[in-house]
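1. sequence unknown, structure follows:
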């Protein structure tokens, strides 16, 4: 606020204007209040209340001061709220102030209450609403903006083009029905305004009807005040019904948005979990591949060491040739041991084959379980579709009931017209009888009046009976309408409950699929661990074989043929180990392929769930459209009932007028007869 005060003083000096002392004192006072509030608040609250308020209410401002204030606010970036209530700035001061405020990008609330602003200010306000895109709250109470309807039309054009204003206060602005029509046309194009206050103006019934037309197009206004505008009760009720419909629509849209955000968050969470799981699996597979490459390198290094040892022992081959005969028995024992080792290798192969078969059986079992779960989900979807079809049939029945009610209303209208015609015929007959009886006998006027009174009482009784019957029928129809609305609300609640149940089932299926994937991943990890253990056993067997070969070479280094055969056996064992490693790699690749297939299936299932969600959304839209149609039809029925009531009231007024006319005629006749029957006084004869 100190910066704004210094900027205000500087602009006054540049424009060669003496700064108004009351304004400077008010700015200094506001700065002191801000310092006290900042000293009493914490740091967090200071961050929240960083916006400032310029309050110059009840301070008389000159036009020059208004122009300087507008220029200061044009470049200001700290003030959020401006209060200029009861400052009596007039049209010229308002023009200069609002011209500077058009380029402001921070002010959100503006209070111009009681400033004697007229049509010229309305044009500038329209320009402000077209150019400013940050103003949200505008108070224009106790002004005269509606005196000039053409300039007020410029204000409504600016309101139609505005995309930020949410609350507008136009109380006590002398708005006529023409101004209300311009305002209604602007509301049809504005989609941001939520609250409008039009109390204590002169809108009347024509302006109220134009506002009803605007509310049929504008679905965002939830607060509309119209007290003190000479608007009939039925028009006021229609506007309130449209406003309540807008509030219900806003609450439903916010509820649907929250639900959609929750669903999107859950789907994103599931996708991230799936990606994390796949990344973990790929990491584990890479680690296993690294371990296999390390084992291959270690075996190759050991084989190189063995070859070097064999080359060293070849030098002692000539010295050990004499001991060949003694080592034949030991060679036989070595052959038997090698035979035992081959049997052990065959057993390990059979165990590996058995593991492969069991793994395939488990995969088939998992595929069957997945097929059964998909069938259950499809059955649930068919059940949900059947429920939706039942709800649609019930809605069709309700629409048929509405059509029957409309036919009954048309019949009541026809009965009313026939009763009006009969009453007119009766009135004509009574008039003819009265004329005939007047012409026949003047002495029997009292009897005729007595008969006429009896006929009038009888007609009144018949009219009252017919009115009671019509009112009872209208009450019954309204009760039936309420019952239909209750049934429709019950259908909506049941549909919402079923939708919630379906969403819970979808969440349960998602959790179940997630748990199954976790179990499968654990099972695959256990299998990989078993395969790794079997591989370690095979490596141990190969190491034992290499140790036996080294012992035989140490004892029988002279037997070159036997050593070559042992070399061949070692090469075969290495080949078998390489084959085993290839088989392990093939099994790991199969597991990866199966896991990718399962992931693709899960993605297809998620896509199907999203499709079902889209279908549910379309069904909800259809239900909302049908409910909207039903409400519009009910509004039309209520309007027709109101028109019927108005016609009955007019008919009562006509009957009262006829009774008064007949009473006047009877009094005139009575006066004429009395004047005719009274003897005339003798007149004085003139003197001769």
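-> The structure has been received and is ready for your questions. Every value quoted in this text rests on a predicted model; they were computed, and no experiment measured them.

2. Residue for residue, what is the longest helix the chain has?
-> helix 560-677 (DSSP state H).

3. Got the confidence number for residue 217?
-> pLDDT for residue 217: 89.

4. and the residue nearest to it when sequence neighbours are not counted, how many neighbours?
-> In space, and not counting its chain neighbours, residue 217 is closest to residue 188: 4.4 Å by C-beta to C-beta, 6 or more residues apart in numbering. Yep, even glycine has a C-beta here, placed from its N, CA and C like the rest. Using other C-beta atoms under 10 Å, residue 188 has 14 neighbouring residues.

5. Run through the stretch 101-250 of the chain and note the low-pLDDT ranges.
-> For the stretch 101-250 of the chain, applying pLDDT under 70 flags no range at all.

6. right, I mislabeled it, should have said the stretch 501-650 of the chain
-> Across the stretch 501-650 of the chain (using pLDDT under 70), the flagged ranges come out as 542, 546, 549, 552-553, 556-560, 562-563, 566.

7. list the helices and strands the host helix or strand of residue 395 packs on?
-> Using DSSP states H and E, residue 395 sits in helix 328-440. Judged by 3 or more C-beta pairs under 8 Å, 6 or more residues apart in numbering; DSSP states H and E, the packing partners of helix 328-440 are helix 445-555, helix 560-677.

8. out of those helices, nearest to residue 129?
-> Closest of the helices and strands packed on helix 328-440 to residue 129 is helix 560-677, at 30.8 Å (criterion: C-beta to C-beta).

9. In terms of secondary structure, what does that closest one contact?
-> Using 3+ C-beta pairs under 8 Å, 6+ apart as the test, helix 560-677 ends up in contact with helix 233-314, helix 328-440, helix 445-555.

10. With distance to residue 7 and mean neighbour count as extra columns, can I get those in JSON lines?
-> Formatted as JSON lines, the helices and strands packed on helix 560-677 follow (distance: least, C-beta to C-beta, whole Å; neighbours: other C-beta atoms under 10 Å):
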{"stretch": "helix 233-314", "distance to residue 7": "41", "mean neighbour count": "13"}
{"stretch": "helix 328-440", "distance to residue 7": "64", "mean neighbour count": "13"}
{"stretch": "helix 445-555", "distance to residue 7": "57", "mean neighbour count": "14"}
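
11. I'd like those as JSON lines, with distance to residue 180 appended.
-> Shown next, in JSON lines, are the helices and strands packed on helix 560-677 (distance: least, C-beta to C-beta, whole Å):
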{"stretch": "helix 233-314", "distance to residue 180": "11"}
{"stretch": "helix 328-440", "distance to residue 180": "31"}
{"stretch": "helix 445-555", "distance to residue 180": "30"}
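
12. Residue 592: which of those helices is closest?
-> helix 233-314 (6.5 Å).

13. Between helix 445-555 and the closest one, find me the angle.
-> 0 degrees (axes from the mean of the first three to the mean of the last three C-alpha atoms, to 10 degrees).

14. report the angle between the axes of helix 233-314 and helix 560-677?
-> Using the same axes, to 10 degrees: helix 233-314 against helix 560-677 is 180 degrees.

15. would TSV of the helices and strands packed on helix 328-440 with distance to residue 414 be doable?
-> Converted to TSV, these look like this (distance: least, C-beta to C-beta, whole Å):
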stretch	distance to residue 414
helix 445-555	12
helix 560-677	12
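
16. residues in contact with the residue nearest to residue 217?
-> The contact partners of residue 188, taken as C-beta atoms under 8 Å, 6 or more residues apart in numbering, are 160, 213-214, 217-218.

17. Residue 178 and residue 150 touch, don't they?
-> No: judged on C-beta atoms under 8 Å, residue 178 makes no contact with residue 150 at a distance of 9.4 Å.

18. related to what we said a few turns ago, can you pick the most crowded of the contacts of residue 188?
-> residue 214 (23 neighbours).

19. And residue 178 and residue 150? Which one has more around it.
-> residue 178 (17 against 11).

20. ok so, going back, show me which positions of the helix or strand the residue nearest to residue 217 falls within end up buried.
-> Here residue 188 sits within helix 177-189, counting by DSSP H and E. Buried residues in helix 177-189, defined by neighbour count with 16 or more other C-beta atoms under 10 Å: 177-187.

21. And the next helix or strand past that helix?
-> strand 195-197.

22. Go ahead and name everything in contact with the helix or strand that that following strand is followed by.
-> As assigned by DSSP H and E, the chain's next helix or strand after strand 195-197 is helix 204-217. With contact meaning C-beta under 8 Å, 6+ apart, helix 204-217 is reached by 175-177, 179-181, 183-185, 187-188, 203, 221, 224, 226, 229-232, 235-236, 238-239, 242-243, 246.

23. cutoff 7 Å now
-> Helix 204-217 is contacted by residues 177, 180-181, 184, 187-188, 221, 229-232, 235, 238-239, 242-243 when judged by C-beta atoms under 7 Å, 6 or more residues apart in numbering.

24. Show me what the helix or strand that comes right after that helix is packed up against.
-> The first helix or strand that comes after helix 204-217 along the chain, using DSSP H and E, is strand 223-225. When contacts are defined as 3 or more C-beta pairs under 7 Å, 6 or more residues apart in numbering; DSSP states H and E, strand 223-225 packs onto strand 195-197.

25. Report the buried residues of the strand it packs on.
-> For strand 195-197, by 16+ other C-beta under 10 Å, it's 196-197.

26. And residue 231, how close does it get to residue 184?
-> Using C-beta to C-beta, to the nearest Å, residue 231 is found at 13 Å from residue 184.

27. ignore the last one, residue 621
-> Separation of residue 621 from residue 184 (C-beta to C-beta): 28 Å.

28. Tell me which stretches of the stretch 1-150 of the chain form helices.
-> 2-14, 21-40, 43-48, 63-74, 90-101, 119-131, 149-161 (DSSP state H, counting those that start in this stretch).

29. any idea of the angle the last one forms with helix 119-131?
-> Meaning helix 149-161. Helix 149-161 runs at 10 degrees relative to helix 119-131, counting by the same axes, to 10 degrees.

30. can you list contacts of helix 149-161?
-> By C-beta under 7 Å, 6+ apart, helix 149-161 touches 119-120, 122-123, 125-130, 145-146, 176, 178-179, 182-183, 185-186, 189-190.

31. and after it, which helix or strand comes next?
-> Next along the chain after helix 149-161, taking DSSP H and E as the criterion, comes strand 167-169.

32. So which bits of that next one are buried?
-> Buried residues in strand 167-169 (16+ other C-beta under 10 Å): 168-169.

33. what's that strand packed up against?
-> By 3+ C-beta pairs under 7 Å, 6+ apart, strand 167-169 packs against strand 137-139, strand 195-197.

34. how far away is residue 396 from residue 497?
-> 21 Å.
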